[in-house]
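>>> Sharing a sequence plus its predicted fold:
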Amino acid sequence: MGKQTNSCVSILSKEVQEALQAYIFAQKDTVYAYVHSFGCQLNVSDGERIRGILTAIGYTMTEDVAKADLVLLNTCAVRESAEDHVYGVLGNLKQYKQAHPERIFVLCGCMASEKHTPAYVRKHYPFVDILFGTAALSQFPRLLLEHFQGQKFGCDANEYDAMYEGIVPARAHPFKAAVPVMFGCNNFCTYCIVPYVRGRERSRKPERIIEEVEALVKAGYKEIMLLGQNVNSYGKDLEQPMTFAQLLRRIDAIEGDFVVRFLSSHPKDATPELLDVILSGKKIGHHLHLPVQSGSDSVLARMNRRYTVESYQKIVSYLRTRNPDFSLTTDIIVGFPNETESEFQGTLDLVQQVQYDNMYTFIYSKRRGTKAAEMEDHTTDAEKRQRMERLLTLQREIAARHNQRFVGRTLRVLFESESKRDGYLIGKDNAFIIVECQADPSLIGTFQNVRITKARNWAVEGELVKGE
Ligand code: SAH
Ligand code: SF4
Ligand code: F3S
(Lines give C-alpha, C1' and ligand atoms only; values in the text may rest on other atoms or scores of the structure.)
(Ligands and ions follow the chains in the order given, each with its own letter.)
Protein backbone atom coordinates (compact mmCIF):
# COMPACT_ATOMS: atom_id res chain seq x y z
CA MET A 1 0.00 0.00 0.00
CA GLY A 2 1.24 3.48 -0.91
CA LYS A 3 2.14 6.19 1.55
CA GLN A 4 -0.61 8.63 2.34
CA THR A 5 -0.14 12.36 1.86
CA ASN A 6 -0.98 15.03 4.36
CA SER A 7 -4.15 16.42 2.93
CA CYS A 8 -7.61 15.87 4.31
CA VAL A 9 -8.75 14.65 0.93
CA SER A 10 -6.51 11.62 1.06
CA ILE A 11 -7.57 10.80 4.63
CA LEU A 12 -11.24 11.09 3.85
CA SER A 13 -11.81 11.36 0.12
CA LYS A 14 -15.26 12.19 -1.17
CA GLU A 15 -15.57 8.64 -2.51
CA VAL A 16 -14.74 7.02 0.84
CA GLN A 17 -16.98 9.49 2.66
CA GLU A 18 -19.96 8.71 0.40
CA ALA A 19 -19.37 4.99 0.52
CA LEU A 20 -19.25 5.10 4.33
CA GLN A 21 -22.39 7.20 4.54
CA ALA A 22 -24.27 4.73 2.33
CA TYR A 23 -23.51 2.03 4.93
CA ILE A 24 -24.02 3.97 8.15
CA PHE A 25 -27.25 5.68 7.14
CA ALA A 26 -28.74 2.56 5.50
CA GLN A 27 -30.87 1.75 8.57
CA LYS A 28 -30.91 4.90 10.70
CA ASP A 29 -31.01 8.68 10.31
CA THR A 30 -28.70 9.35 13.24
CA VAL A 31 -25.67 7.26 14.13
CA TYR A 32 -23.75 7.76 17.34
CA ALA A 33 -20.05 7.42 18.13
CA TYR A 34 -18.45 7.22 21.57
CA VAL A 35 -14.75 8.11 21.73
CA HIS A 36 -12.71 7.79 24.89
CA SER A 37 -9.04 8.79 25.08
CA PHE A 38 -6.72 7.61 27.84
CA GLY A 39 -3.23 8.87 28.66
CA CYS A 40 -1.43 12.11 27.96
CA GLN A 41 -2.60 15.32 26.35
CA LEU A 42 -1.12 14.29 23.00
CA ASN A 43 -3.35 11.26 22.97
CA VAL A 44 -6.35 13.35 24.00
CA SER A 45 -5.50 15.68 21.13
CA ASP A 46 -5.40 12.70 18.71
CA GLY A 47 -8.82 11.79 20.10
CA GLU A 48 -10.12 15.24 19.10
CA ARG A 49 -8.90 14.60 15.57
CA ILE A 50 -10.52 11.17 15.53
CA ARG A 51 -13.79 12.82 16.59
CA GLY A 52 -13.22 15.28 13.75
CA ILE A 53 -12.97 12.41 11.24
CA LEU A 54 -16.06 10.68 12.62
CA THR A 55 -18.05 13.93 12.57
CA ALA A 56 -17.01 14.51 8.95
CA ILE A 57 -18.24 11.02 8.08
CA GLY A 58 -21.62 11.81 9.65
CA TYR A 59 -21.49 10.38 13.16
CA THR A 60 -22.99 12.29 16.08
CA MET A 61 -20.80 12.21 19.19
CA THR A 62 -22.25 10.81 22.40
CA GLU A 63 -20.94 10.42 25.95
CA ASP A 64 -23.40 7.56 26.48
CA VAL A 65 -21.71 4.33 25.47
CA ALA A 66 -25.00 2.39 25.68
CA LYS A 67 -26.38 4.32 22.73
CA ALA A 68 -23.24 4.29 20.58
CA ASP A 69 -23.17 2.58 17.17
CA LEU A 70 -19.38 2.91 17.18
CA VAL A 71 -17.24 2.67 20.31
CA LEU A 72 -13.60 3.75 20.07
CA LEU A 73 -10.95 3.49 22.77
CA ASN A 74 -7.82 5.56 22.15
CA THR A 75 -5.34 3.90 24.50
CA CYS A 76 -2.20 4.61 26.57
CA ALA A 77 0.64 2.15 27.22
CA VAL A 78 3.00 4.17 29.39
CA ARG A 79 2.57 2.07 32.54
CA GLU A 80 1.12 -1.36 33.22
CA SER A 81 -1.69 0.24 35.22
CA ALA A 82 -2.70 2.25 32.13
CA GLU A 83 -2.97 -0.93 30.08
CA ASP A 84 -4.81 -2.82 32.80
CA HIS A 85 -7.28 0.03 32.95
CA VAL A 86 -7.97 -0.19 29.20
CA TYR A 87 -8.44 -3.96 29.32
CA GLY A 88 -10.79 -3.52 32.28
CA VAL A 89 -12.90 -1.01 30.35
CA LEU A 90 -12.81 -3.22 27.25
CA GLY A 91 -14.01 -6.20 29.29
CA ASN A 92 -16.95 -4.17 30.59
CA LEU A 93 -17.86 -3.11 27.07
CA LYS A 94 -18.30 -6.69 25.88
CA GLN A 95 -21.94 -6.66 27.06
CA TYR A 96 -22.76 -3.84 24.62
CA LYS A 97 -21.44 -5.87 21.72
CA GLN A 98 -23.37 -8.93 22.88
CA ALA A 99 -26.57 -6.88 23.08
CA HIS A 100 -26.07 -5.42 19.59
CA PRO A 101 -23.50 -7.34 17.51
CA GLU A 102 -23.69 -4.75 14.71
CA ARG A 103 -22.02 -2.20 16.97
CA ILE A 104 -18.48 -1.42 15.86
CA PHE A 105 -15.62 -1.60 18.35
CA VAL A 106 -12.34 0.15 17.61
CA LEU A 107 -9.08 0.07 19.56
CA CYS A 108 -6.34 2.56 18.67
CA GLY A 109 -3.60 4.68 20.24
CA CYS A 110 -0.38 3.66 21.94
CA MET A 111 -1.36 0.21 23.18
CA ALA A 112 -2.62 -0.69 19.75
CA SER A 113 0.86 0.17 18.42
CA GLU A 114 2.66 -2.40 20.58
CA LYS A 115 3.77 -5.42 18.57
CA HIS A 116 2.09 -8.02 20.75
CA THR A 117 -1.27 -6.26 21.03
CA PRO A 118 -3.11 -7.35 17.83
CA ALA A 119 -2.68 -11.06 18.57
CA TYR A 120 -3.54 -10.57 22.25
CA VAL A 121 -6.69 -8.59 21.51
CA ARG A 122 -7.77 -11.04 18.87
CA LYS A 123 -7.46 -13.90 21.35
CA HIS A 124 -8.97 -12.30 24.45
CA TYR A 125 -11.26 -9.59 23.06
CA PRO A 126 -12.42 -11.04 19.74
CA PHE A 127 -15.33 -8.59 19.59
CA VAL A 128 -12.92 -5.77 18.64
CA ASP A 129 -13.56 -5.07 14.94
CA ILE A 130 -10.82 -2.60 14.06
CA LEU A 131 -7.38 -1.92 15.50
CA PHE A 132 -4.90 0.68 14.31
CA GLY A 133 -1.65 2.17 15.63
CA THR A 134 -0.83 5.83 16.32
CA ALA A 135 0.95 6.28 12.99
CA ALA A 136 -1.95 4.78 11.04
CA LEU A 137 -4.63 7.23 12.17
CA SER A 138 -5.02 8.40 8.59
CA GLN A 139 -6.10 4.85 7.66
CA PHE A 140 -9.12 4.83 9.95
CA PRO A 141 -11.73 5.75 7.29
CA ARG A 142 -10.37 3.03 4.99
CA LEU A 143 -10.45 0.42 7.78
CA LEU A 144 -13.99 1.44 8.65
CA LEU A 145 -15.10 1.09 5.06
CA GLU A 146 -13.43 -2.32 4.80
CA HIS A 147 -15.28 -3.36 7.95
CA PHE A 148 -18.62 -2.50 6.35
CA GLN A 149 -17.52 -4.40 3.26
CA GLY A 150 -17.09 -7.54 5.37
CA GLN A 151 -13.49 -7.41 6.60
CA LYS A 152 -13.14 -9.15 9.97
CA PHE A 153 -10.64 -7.63 12.45
CA GLY A 154 -9.20 -4.85 10.31
CA CYS A 155 -5.75 -4.09 11.61
CA ASP A 156 -3.12 -1.58 10.60
CA ALA A 157 -0.04 -0.86 12.67
CA ASN A 158 2.13 0.38 9.82
CA GLU A 159 3.87 3.73 9.74
CA TYR A 160 2.23 6.34 7.54
CA ASP A 161 2.80 10.01 7.23
CA ALA A 162 0.95 10.77 10.42
CA MET A 163 0.82 14.55 10.46
CA TYR A 164 -2.83 14.43 9.49
CA GLU A 165 -2.93 18.07 8.41
CA GLY A 166 -6.36 19.00 7.18
CA ILE A 167 -8.37 17.09 9.76
CA VAL A 168 -10.44 19.60 11.67
CA PRO A 169 -10.40 18.42 15.29
CA ALA A 170 -13.67 18.34 17.21
CA ARG A 171 -12.31 20.24 20.22
CA ALA A 172 -13.39 19.40 23.74
CA HIS A 173 -13.23 22.97 25.06
CA PRO A 174 -14.38 26.26 23.55
CA PHE A 175 -11.58 28.34 25.10
CA LYS A 176 -8.50 26.15 25.46
CA ALA A 177 -6.96 24.26 22.59
CA ALA A 178 -4.22 21.68 22.23
CA VAL A 179 -2.00 22.12 19.19
CA PRO A 180 0.48 19.32 18.47
CA VAL A 181 3.74 20.67 17.09
CA MET A 182 5.49 17.35 16.66
CA PHE A 183 4.95 13.63 16.95
CA GLY A 184 7.17 10.79 18.14
CA CYS A 185 10.30 10.68 20.25
CA ASN A 186 13.96 9.85 19.51
CA ASN A 187 15.22 9.77 23.07
CA PHE A 188 14.78 6.16 24.13
CA CYS A 189 14.87 6.69 27.86
CA THR A 190 15.44 3.11 28.97
CA TYR A 191 12.16 2.80 30.90
CA CYS A 192 9.89 4.29 28.27
CA ILE A 193 7.60 2.68 25.70
CA VAL A 194 6.73 5.93 23.91
CA PRO A 195 9.45 5.84 21.20
CA TYR A 196 8.29 2.33 20.28
CA VAL A 197 4.61 3.22 20.00
CA ARG A 198 4.88 6.75 18.61
CA GLY A 199 7.79 6.32 16.20
CA ARG A 200 10.54 8.82 15.35
CA GLU A 201 10.26 12.59 15.74
CA ARG A 202 8.30 14.36 13.02
CA SER A 203 7.74 18.12 13.23
CA ARG A 204 4.74 19.87 11.71
CA LYS A 205 5.57 22.72 9.38
CA PRO A 206 5.68 26.04 11.25
CA GLU A 207 3.24 27.63 8.78
CA ARG A 208 0.61 24.98 9.55
CA ILE A 209 1.06 25.50 13.31
CA ILE A 210 0.91 29.31 13.06
CA GLU A 211 -2.20 29.14 10.85
CA GLU A 212 -3.90 26.86 13.35
CA VAL A 213 -3.03 29.10 16.32
CA GLU A 214 -4.10 32.27 14.48
CA ALA A 215 -7.45 30.73 13.62
CA LEU A 216 -7.95 29.57 17.21
CA VAL A 217 -7.15 32.99 18.65
CA LYS A 218 -9.50 34.61 16.14
CA ALA A 219 -12.21 32.18 17.20
CA GLY A 220 -11.77 33.37 20.81
CA TYR A 221 -9.52 30.65 22.29
CA LYS A 222 -7.68 31.94 25.38
CA GLU A 223 -5.18 29.14 26.03
CA ILE A 224 -3.00 27.50 23.41
CA MET A 225 -1.20 24.37 24.60
CA LEU A 226 1.61 23.32 22.26
CA LEU A 227 2.25 19.60 22.49
CA GLY A 228 5.04 17.18 21.74
CA GLN A 229 6.85 14.39 23.61
CA ASN A 230 9.91 16.62 23.63
CA VAL A 231 9.01 19.99 22.15
CA ASN A 232 12.61 21.14 22.62
CA SER A 233 13.69 19.04 19.66
CA TYR A 234 11.06 20.65 17.46
CA GLY A 235 12.17 21.58 13.96
CA LYS A 236 15.40 19.56 13.73
CA ASP A 237 13.87 17.35 11.05
CA LEU A 238 12.29 20.12 8.95
CA GLU A 239 13.56 20.86 5.44
CA GLN A 240 14.43 24.28 6.76
CA PRO A 241 15.35 23.49 10.35
CA MET A 242 14.22 25.84 13.09
CA THR A 243 14.27 25.74 16.89
CA PHE A 244 11.32 25.50 19.24
CA ALA A 245 12.41 28.87 20.65
CA GLN A 246 11.98 30.42 17.19
CA LEU A 247 8.55 28.86 16.82
CA LEU A 248 7.53 30.12 20.27
CA ARG A 249 8.69 33.63 19.40
CA ARG A 250 6.50 33.60 16.28
CA ILE A 251 3.48 32.37 18.24
CA ASP A 252 4.09 34.96 20.95
CA ALA A 253 3.89 37.66 18.26
CA ILE A 254 0.36 36.68 17.18
CA GLU A 255 -2.13 39.46 18.00
CA GLY A 256 -4.73 38.78 20.68
CA ASP A 257 -5.33 38.13 24.38
CA PHE A 258 -4.26 34.55 25.00
CA VAL A 259 -1.72 32.52 26.97
CA VAL A 260 0.72 30.00 25.49
CA ARG A 261 1.73 26.86 27.34
CA PHE A 262 3.68 23.83 26.16
CA LEU A 263 4.50 20.24 27.14
CA SER A 264 6.92 18.49 27.53
CA SER A 265 10.49 19.77 27.68
CA HIS A 266 13.49 17.50 27.96
CA PRO A 267 16.17 19.00 30.24
CA LYS A 268 18.98 17.98 27.89
CA ASP A 269 17.53 20.27 25.19
CA ALA A 270 16.47 23.25 27.32
CA THR A 271 18.77 25.83 25.74
CA PRO A 272 19.39 29.38 27.06
CA GLU A 273 17.73 30.58 23.81
CA LEU A 274 14.52 28.77 24.82
CA LEU A 275 14.67 29.94 28.44
CA ASP A 276 15.16 33.56 27.31
CA VAL A 277 12.15 33.39 24.97
CA ILE A 278 9.99 32.08 27.80
CA LEU A 279 11.26 34.76 30.19
CA SER A 280 10.79 37.61 27.74
CA GLY A 281 7.58 36.42 26.02
CA LYS A 282 4.39 38.43 26.42
CA LYS A 283 1.99 35.54 26.20
CA ILE A 284 4.14 32.63 27.29
CA GLY A 285 3.38 31.48 30.81
CA HIS A 286 6.28 31.72 33.29
CA HIS A 287 6.15 28.01 33.83
CA LEU A 288 8.19 25.06 32.67
CA HIS A 289 7.27 21.42 33.00
CA LEU A 290 10.76 19.96 33.21
CA PRO A 291 10.65 16.24 34.02
CA VAL A 292 13.73 15.34 36.05
CA GLN A 293 12.79 11.67 36.72
CA SER A 294 15.52 11.24 39.37
CA GLY A 295 17.92 13.30 41.47
CA SER A 296 20.76 10.80 41.16
CA ASP A 297 23.38 10.90 38.39
CA SER A 298 23.81 7.13 38.39
CA VAL A 299 20.05 6.56 37.98
CA LEU A 300 19.87 9.26 35.29
CA ALA A 301 22.65 7.43 33.43
CA ARG A 302 20.82 4.10 33.72
CA MET A 303 17.73 5.87 32.43
CA ASN A 304 19.70 7.27 29.45
CA ARG A 305 18.46 10.79 30.23
CA ARG A 306 21.72 12.41 29.07
CA TYR A 307 21.91 15.22 31.64
CA THR A 308 23.24 15.41 35.18
CA VAL A 309 21.74 16.73 38.38
CA GLU A 310 24.15 19.65 38.13
CA SER A 311 23.17 20.60 34.59
CA TYR A 312 19.49 20.38 35.63
CA GLN A 313 20.14 22.64 38.60
CA LYS A 314 21.79 25.16 36.27
CA ILE A 315 18.56 25.48 34.26
CA VAL A 316 16.58 25.95 37.46
CA SER A 317 18.88 28.65 38.79
CA TYR A 318 18.98 30.41 35.38
CA LEU A 319 15.19 30.74 35.54
CA ARG A 320 14.80 31.49 39.22
CA THR A 321 17.54 34.15 39.35
CA ARG A 322 15.71 36.00 36.57
CA ASN A 323 12.26 35.41 38.04
CA PRO A 324 12.20 34.07 41.63
CA ASP A 325 8.53 33.14 41.13
CA PHE A 326 9.14 31.10 38.00
CA SER A 327 6.92 28.06 38.30
CA LEU A 328 8.42 24.61 37.83
CA THR A 329 6.69 21.26 37.66
CA THR A 330 8.21 17.85 37.09
CA ASP A 331 7.77 14.10 36.65
CA ILE A 332 9.59 11.68 38.94
CA ILE A 333 9.96 7.92 38.73
CA VAL A 334 10.43 6.15 42.04
CA GLY A 335 11.95 2.69 42.20
CA PHE A 336 13.81 2.51 38.89
CA PRO A 337 15.57 -0.92 38.75
CA ASN A 338 18.04 -1.28 41.58
CA GLU A 339 17.52 2.27 42.88
CA THR A 340 19.44 2.39 46.17
CA GLU A 341 18.46 4.29 49.30
CA SER A 342 21.21 6.86 48.67
CA GLU A 343 20.12 7.30 45.03
CA PHE A 344 16.58 7.92 46.23
CA GLN A 345 17.91 10.37 48.81
CA GLY A 346 19.34 12.32 45.87
CA THR A 347 15.80 12.73 44.53
CA LEU A 348 14.53 13.97 47.91
CA ASP A 349 17.42 16.45 48.10
CA LEU A 350 16.73 17.79 44.62
CA VAL A 351 13.00 18.14 45.29
CA GLN A 352 13.82 20.02 48.50
CA GLN A 353 16.17 22.33 46.61
CA VAL A 354 14.03 23.09 43.56
CA GLN A 355 10.74 23.66 45.41
CA TYR A 356 8.44 22.49 42.65
CA ASP A 357 5.00 23.98 42.21
CA ASN A 358 3.62 20.61 41.30
CA MET A 359 4.92 17.11 40.72
CA TYR A 360 3.69 13.99 38.94
CA THR A 361 5.14 10.92 40.62
CA PHE A 362 5.13 7.36 39.32
CA ILE A 363 6.36 4.05 40.63
CA TYR A 364 8.51 2.47 37.92
CA SER A 365 6.55 0.10 35.73
CA LYS A 366 8.31 -2.53 33.62
CA ARG A 367 7.54 -2.14 29.90
CA ARG A 368 8.09 -5.08 27.60
CA GLY A 369 10.65 -4.35 24.87
CA THR A 370 12.43 -1.49 26.70
CA LYS A 371 16.05 -1.71 27.90
CA ALA A 372 15.15 -1.25 31.57
CA ALA A 373 12.92 -4.32 31.40
CA GLU A 374 16.12 -6.38 31.06
CA MET A 375 17.83 -4.76 34.07
CA GLU A 376 18.22 -6.54 37.37
CA ASP A 377 16.00 -5.17 40.10
CA HIS A 378 16.52 -6.04 43.75
CA THR A 379 14.52 -3.14 45.15
CA THR A 380 11.35 -4.60 46.63
CA ASP A 381 7.83 -3.35 45.88
CA ALA A 382 7.39 -2.49 49.55
CA GLU A 383 10.52 -0.30 49.46
CA LYS A 384 9.25 1.42 46.30
CA ARG A 385 5.86 2.16 47.84
CA GLN A 386 7.47 3.44 51.00
CA ARG A 387 9.78 5.75 49.02
CA MET A 388 6.80 7.08 47.10
CA GLU A 389 5.11 7.94 50.40
CA ARG A 390 8.20 9.77 51.63
CA LEU A 391 8.41 11.76 48.41
CA LEU A 392 4.74 12.72 48.52
CA THR A 393 4.98 13.77 52.17
CA LEU A 394 7.94 15.99 51.36
CA GLN A 395 6.18 17.55 48.37
CA ARG A 396 3.03 18.26 50.41
CA GLU A 397 5.09 20.17 52.98
CA ILE A 398 6.92 22.09 50.26
CA ALA A 399 3.80 22.98 48.26
CA ALA A 400 1.89 24.34 51.24
CA ARG A 401 4.84 26.55 52.24
CA HIS A 402 5.74 27.49 48.67
CA ASN A 403 2.19 28.58 47.82
CA GLN A 404 2.20 31.01 50.77
CA ARG A 405 4.17 33.43 48.60
CA PHE A 406 1.03 34.23 46.62
CA VAL A 407 -1.09 35.27 49.60
CA GLY A 408 -1.97 38.95 49.30
CA ARG A 409 -1.04 39.08 45.62
CA THR A 410 -3.37 39.41 42.62
CA LEU A 411 -3.08 36.78 39.89
CA ARG A 412 -4.63 36.88 36.41
CA VAL A 413 -6.58 33.65 36.15
CA LEU A 414 -8.22 31.86 33.24
CA PHE A 415 -11.25 30.10 34.73
CA GLU A 416 -11.58 26.56 33.38
CA SER A 417 -14.35 24.71 35.19
CA GLU A 418 -16.60 24.53 38.20
CA SER A 419 -14.91 23.26 41.34
CA LYS A 420 -16.28 20.40 43.44
CA ARG A 421 -17.05 23.05 46.04
CA ASP A 422 -20.42 24.59 45.42
CA GLY A 423 -20.25 28.10 43.97
CA TYR A 424 -16.51 27.93 43.25
CA LEU A 425 -14.55 27.89 39.99
CA ILE A 426 -11.11 26.46 39.24
CA GLY A 427 -8.64 28.22 37.01
CA LYS A 428 -4.94 28.66 36.32
CA ASP A 429 -2.83 31.75 36.35
CA ASN A 430 -0.30 32.51 33.65
CA ALA A 431 2.34 30.40 35.47
CA PHE A 432 0.04 27.36 35.82
CA ILE A 433 -0.78 27.99 39.50
CA ILE A 434 -4.13 26.38 40.30
CA VAL A 435 -6.57 28.89 41.77
CA GLU A 436 -9.95 28.28 43.38
CA CYS A 437 -12.35 31.17 43.73
CA GLN A 438 -16.03 31.88 44.38
CA ALA A 439 -17.40 33.06 41.05
CA ASP A 440 -20.26 32.69 38.61
CA PRO A 441 -19.97 29.87 36.04
CA SER A 442 -20.54 32.45 33.29
CA LEU A 443 -16.91 33.50 33.91
CA ILE A 444 -15.56 30.12 32.71
CA GLY A 445 -13.35 30.77 29.69
CA THR A 446 -12.49 34.34 30.72
CA PHE A 447 -9.45 35.96 32.34
CA GLN A 448 -10.16 37.51 35.76
CA ASN A 449 -8.02 39.08 38.46
CA VAL A 450 -8.09 37.14 41.71
CA ARG A 451 -6.60 38.34 45.00
CA ILE A 452 -5.10 35.35 46.79
CA THR A 453 -6.20 34.88 50.39
CA LYS A 454 -5.12 31.35 51.27
CA ALA A 455 -2.50 28.75 50.30
CA ARG A 456 -3.30 25.05 50.14
CA ASN A 457 -1.21 22.02 49.19
CA TRP A 458 -2.01 21.86 45.50
CA ALA A 459 -3.81 25.15 44.92
CA VAL A 460 -4.38 28.65 46.21
CA GLU A 461 -7.67 30.28 47.04
CA GLY A 462 -8.77 33.85 46.44
CA GLU A 463 -11.44 36.47 45.81
CA LEU A 464 -12.47 38.08 42.56
CA VAL A 465 -11.18 41.60 42.14
CA LYS A 466 -14.30 43.41 41.03
CA GLY A 467 -14.46 46.08 38.37
CA GLU A 468 -12.33 44.24 35.80
N1 SAH B 1 7.98 12.90 26.91
C2 SAH B 1 7.73 13.20 28.23
C3 SAH B 1 7.16 12.08 29.06
C4 SAH B 1 6.05 11.28 28.56
S5 SAH B 1 5.57 9.99 29.60
C6 SAH B 1 9.02 13.57 28.86
O7 SAH B 1 10.06 13.04 28.53
O8 SAH B 1 8.96 14.37 29.74
C9 SAH B 1 5.14 10.89 31.08
C10 SAH B 1 5.87 10.43 32.28
O11 SAH B 1 5.57 9.09 32.57
C12 SAH B 1 7.37 10.45 32.19
O13 SAH B 1 7.92 11.71 32.39
C14 SAH B 1 7.78 9.48 33.27
O15 SAH B 1 7.93 10.14 34.51
C16 SAH B 1 6.59 8.55 33.35
N17 SAH B 1 6.93 7.22 32.81
C18 SAH B 1 7.28 6.90 31.56
N19 SAH B 1 7.55 5.57 31.47
C20 SAH B 1 7.38 5.07 32.71
C21 SAH B 1 7.50 3.76 33.28
N22 SAH B 1 7.89 2.72 32.55
N23 SAH B 1 7.22 3.61 34.59
C24 SAH B 1 6.84 4.65 35.36
N25 SAH B 1 6.70 5.88 34.87
C26 SAH B 1 6.97 6.11 33.57
FE1 SF4 C 1 9.75 8.69 26.93
FE2 SF4 C 1 12.08 9.84 27.32
FE3 SF4 C 1 10.80 10.20 25.01
FE4 SF4 C 1 9.84 11.33 27.23
S5 SF4 C 1 11.81 11.77 26.26
S6 SF4 C 1 8.69 10.20 25.69
S7 SF4 C 1 10.36 9.81 28.77
S8 SF4 C 1 11.66 8.28 25.76
FE1 F3S D 1 0.43 7.11 27.05
FE2 F3S D 1 0.97 7.18 24.51
FE3 F3S D 1 0.80 9.41 25.85
S4 F3S D 1 1.79 5.75 25.94
S5 F3S D 1 1.44 8.83 27.90
S6 F3S D 1 -0.84 8.01 25.50
S7 F3S D 1 2.15 9.00 24.14
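That came in fine, so what should we check first? Numbers count the residues shown, from 1 in each chain. Ligands and ions are numbered 1, 2, ... in the order given.
>>> of all the residues in this structure, which ones are close to ligand 3?
39-40, 42-43, 76-78, 110, 193-194, 197-198 (CB under 6 Å from any ligand atom). Placement of C-beta: from N, CA and C, glycine included.
>>> Drop anything exposed from those.
39-40, 42-43, 76-78, 110, 193-194, 197-198 (16 or more other CB atoms under 10 Å).
>>> Identify those among these that sit within helices.
42-43, 194, 197-198 (DSSP state H).
>>> ok, of those, which one's closest to residue 291?
Of all these, residue 291 sits closest to residue 194, with 12.1 Å by CB to CB.
>>> picking up where we left off before, residue 389: which of the ones in helices among the buried ones among the residues of the chain next to ligand 3 is nearest?
Set against residue 389, the nearest of these by CB to CB is residue 194 (27.1 Å).
>>> Can you tell me the closest non-neighbouring residue to the closest one?
residue 185 (5.1 Å; CB to CB, 6 or more residues apart in numbering).
>>> what separates that neighbour from residue 110, distance-wise?
Note on residue 185: its distance to residue 110, by CB to CB, to the nearest Å, is 11 Å.
>>> hey, what's in contact with both of these two?
With contacts taken as CB atoms under 8 Å, 6 or more residues apart in numbering, residue 185 and residue 110 have 194, 198 as neighbours in common.
>>> returning to that earlier point: which pair in the buried ones among the residues of the chain next to ligand 3 has the greatest spatial separation?
42 and 193 (13.7 Å).
>>> What helices and strands are in contact with the longest helix seen in the chain?
When the chain is parsed with DSSP H, its longest helix is helix 381-403. Packed against helix 381-403, as judged by 3 or more CB pairs under 8 Å, 6 or more residues apart in numbering; DSSP states H and E, are the following elements: strand 327-334, helix 341-354, strand 358-363.
>>> The last one near ligand 2 at all?
No - against ligand 2, strand 358-363 shows no contacts by CB under 6 Å from any ligand atom, the least distance being 10.7 Å.
>>> Can you give the distance of that strand from its chain's centre?
Taking CA atoms, centre = their mean, to the nearest Å, one finds the center of strand 358-363 at 15 Å from the center of the full chain.
>>> ok, the residue in the stretch 101-250 of the chain positioned nearest to ligand 3 to residue 414 distance?
When scored by CB to the nearest ligand atom, the stretch 101-250 of the chain has residue 110 as its residue closest to ligand 3, at 3.2 Å. According to CB to CB, residue 110 and residue 414 sit 29 Å apart.
>>> list the contacts for residue 102?
Going by CB under 8 Å, 6+ apart, residue 102 touches residue 69.
>>> So, low pLDDT: which residues of the stretch 51-200 of the chain?
158-163 (pLDDT under 70).
>>> who in it is up against ligand 1?
78-79, 191-192, 194.
>>> ok, so of those, who is nearest residue 339?
residue 191 (11.4 Å).
>>> Neighbours of that closest one, how many?
25 (other CB atoms under 10 Å).
>>> excluding its backbone neighbours, what's nearest it?
Nearest to residue 191 is residue 372, by CB to CB, 6+ apart, at 4.3 Å.
>>> repeat for residue 281
Distances taken as CB to CB, 6+ apart place residue 252 nearest to residue 281, at 4.4 Å, with adjacent residues excluded.
>>> where's the one you found relative to residue 25, distance?
Taking CB to CB, one finds residue 252 at 46 Å from residue 25.
>>> Compare the two and say which one has the larger neighbour count.
residue 252 (15 against 12).
>>> quick one: contacts for that one?
By CB under 8 Å, 6+ apart, the neighbours of residue 252 are 260, 277, 281-284.
>>> can you tell me which of these lies nearest to ligand 3?
Among the contacts of residue 252, and counting by CB to the nearest ligand atom, the member closest to ligand 3 is residue 260, at 21.1 Å.
>>> what sits up against the helix or strand harbouring that closest one?
Using DSSP states H and E, residue 260 sits in strand 259-263. With contacts defined as CB under 8 Å, 6+ apart, strand 259-263 is touched by 41, 181, 222-228, 231, 244, 248, 251-252, 281, 283-285, 287, 289, 414, 430, 432.
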